[in-house]
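Undergrad: With the input below, show me the fold.
(chains A and B)
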2 protein chains.
Amino acid sequence: MTGKFITLEGGEGSGKTTNLIFIKHWLEAHDIDVVVTREPGGTPIAEKLREVLLTTKNSEQIATDTELLLMFAARAQHVAQVIKPAIEAGKWVLCSRFTDSTYAYQGGGRGVSAERIATLESWTHGDFQPDVTLLLDLPVDIGMQRARDRAELDRIEQETLSFFERVRQSFLQRGQQHNRYQVIDAQQPLAQVQAQLTALLEQLV
Amino acid sequence: MTGKFITLEGGEGSGKTTNLIFIKHWLEAHDIDVVVTREPGGTPIAEKLREVLLTTKNSEQIATDTELLLMFAARAQHVAQVIKPAIEAGKWVLCSRFTDSTYAYQGGGRGVSAERIATLESWTHGDFQPDVTLLLDLPVDIGMQRARDRAELDRIEQETLSFFERVRQSFLQRGQQHNRYQVIDAQQPLAQVQAQLTALLEQLV
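TA: Residues are numbered from 1 along each chain as shown, chains lettered A, B, ... in the order given. A predicted model of the protein is given here:
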């Protein structure tokens, strides 16, 4: 039996990490082997690329095309080394961010056409797609406040509010186009978010 | 007036660096502003990617697709930050290796289809191509002996002889398909190679 590939998406401060851990524990309590991972990153080489992508200390600006190719380079490595082998071994993979984030940030945020992103998506992982994508949706100002309270902002998190508004709308729009999306209102109290996640997980297992 | 984009291609030990410097001096003696650069690399970020690509110390294997996307990520940055601005400012750019090396090493060497490489080429630099490509051609055993005498071999240089034979044939084949190629017999004494380069340069300026 092959495993399932579940991705968590959403803006800064939407609760991806907290809920990733909640889902992991829930699945383990139901005797499912779980691999928790994240993008960009998830393997030693992909984490090196993450550093190049997110550091605020580059001595030059990363060109938009470079950023996109790097995101997909890290993803190719992550899929080949971690995600596919785990799923083929019957494990479930929980991944914080995947290609939907590229459409939202580089597409919605930076204005790269969906067509250009789709070319790299299809080149890199063709028909391999998440089984379920959980979108934690939250108004931008609330999410950014949470993110700022938590840690220093990385290169991408230092963008403007209107950038993140475009990111949010782009996620919501993709949510309507793809059946694998489950949109969750992340403004609710955590207990309610997690009750909703539990209901979704019960349907999945 | 815009400048020219000249690339040097060829296997290990074919004399790319020596002849790059020769060409640079020749052009400067003819009052031409020259930028000398190399791939993968050529900008601080692209050099970081070069390190990931060429180190023999990665704790995991780089997947072939990752390698290709990384090559083009470094190239996108190099073209945007260095090559195009220099040419637009009227300078000549001399670059050791460019996309032809990707066709030779990842295509000929590793067996990636030319079609898959062409997708990334067209995504990354579309119609932007070298004006002239100088291919320094040399039998593989002679080139490898020169490279071994010179320094420790990097990750790609540690491939097998048959890998480099496929690389050489792939370069020669592309040389027949593209008018911008000038194939130079790098087995000749250096003085003869450079007399040939001088004749080519005189036609160019």
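
Undergrad: correct me, but A:Asp137 touches A:Ala186?
TA: Yes: using Cβ atoms under 8 Å, A:Asp137 is in contact with A:Ala186, at 5.8 Å. The C-beta positions use only the backbone N, C-alpha and C, and glycine is treated the same way.

Undergrad: More neighbours: the two, which one.
TA: Set A:Asp137 next to A:Ala186 and count neighbours by other Cβ atoms under 10 Å in any protein chain shown: A:Ala186 wins out with 23 against 18.

Undergrad: what do A:Asp137 and A:Ala186 both touch?
TA: Shared contacts of A:Asp137 and A:Ala186 (Cβ atoms under 8 Å, 6 or more residues apart in numbering or on different chains): A:Gly10, A:Ser14.

Undergrad: Would you mind listing the buried residues in the lowest-mean-pLDDT helix or strand in chain A?
TA: One helix or strand of chain A scores below all others by mean pLDDT, DSSP states H and E: helix A:140-150, with a mean of 87. Of the residues in helix A:140-150, A:Val140, A:Gly143, A:Met144, A:Arg146, A:Ala147 count as buried by neighbour count, 16 or more other Cβ atoms under 10 Å in any protein chain shown.

Undergrad: Might you calculate how far that helix sits from the centre of the chain?
TA: 17 Å (Cα atoms, centre = their mean, to the nearest Å).

Undergrad: And for stretch A:75-95?
TA: Centre-to-centre, stretch A:75-95 and its host chain are 14 Å apart (Cα atoms, centre = their mean).

Undergrad: low-confidence ranges in chain A?
TA: For chain A, no stretch has pLDDT under 70.

Undergrad: before we move on, the earlier item: what about chain B: which of the buried residues of helix A:140-150 touch it?
TA: Among these, proximity to chain B is found for none (Cβ under 8 Å from any Cβ of the partner chain).

Undergrad: In JSON lines: those, plus distance to A:Gly3.
TA: JSON lines is the format used below for the buried residues of helix A:140-150 (distance: Cβ to Cβ, whole Å):
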{"residue": "A:Val140", "distance to A:Gly3": "34"}
{"residue": "A:Gly143", "distance to A:Gly3": "30"}
{"residue": "A:Met144", "distance to A:Gly3": "34"}
{"residue": "A:Arg146", "distance to A:Gly3": "31"}
{"residue": "A:Ala147", "distance to A:Gly3": "31"}
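
Undergrad: Let me know the closest of these to chain B.
TA: The shortest gap between chain B and any of the buried residues of helix A:140-150 belongs to A:Ala147, at 25.0 Å (Cβ to the nearest Cβ).

Undergrad: which residues sit in contact with the residue lying farthest from the centre of chain A?
TA: Most distant residue from the mean C-alpha position of chain A: A:Ser59, 27.2 Å away (Cα atoms, centre = their mean). Applying Cβ under 8 Å, 6+ apart, one finds that A:Ser59 lies in contact with B:Pro44.

Undergrad: what does the one 4 residues further on give?
TA: Taking Cβ under 8 Å, 6+ apart as the criterion, A:Ala63 is in contact with B:Ala76, B:Gln77, B:Ala80, B:Gln81.

Undergrad: And for the closest residue to it other than its chain neighbours, the neighbour number?
TA: Excluding the flanking residues, the one nearest A:Ala63 by Cβ to Cβ, 6 or more residues apart in numbering or on different chains is B:Ala80, at 4.0 Å. B:Ala80: 20 surrounding residues under other Cβ under 10 Å.

Undergrad: and B:Ala80, that one's in a strand?
TA: No: applying DSSP: H, G, I helix; E, B strand; the rest coil, one finds B:Ala80 to be helix, outside a strand.

Undergrad: Give me the contact list for the helix or strand hosting A:Pro85.
TA: For A:Pro85, the element it lies in under DSSP states H and E is helix A:84-88. Outside helix A:84-88, the residues that touch it by Cβ under 8 Å, 6+ apart are A:Thr2, A:Gly3, A:Lys4, A:Phe5, A:Val35, A:Trp92, A:Val93, A:Phe128.

Undergrad: Okay, buried residues for whichever helix or strand A:Ser122 is part of please.
TA: In the assignment (DSSP H and E), A:Ser122 maps to helix A:114-125. Residues of helix A:114-125 classed as buried by neighbour count (16+ other Cβ under 10 Å): A:Ile117, A:Thr119, A:Leu120, A:Glu121, A:Trp123, A:Thr124, A:His125.
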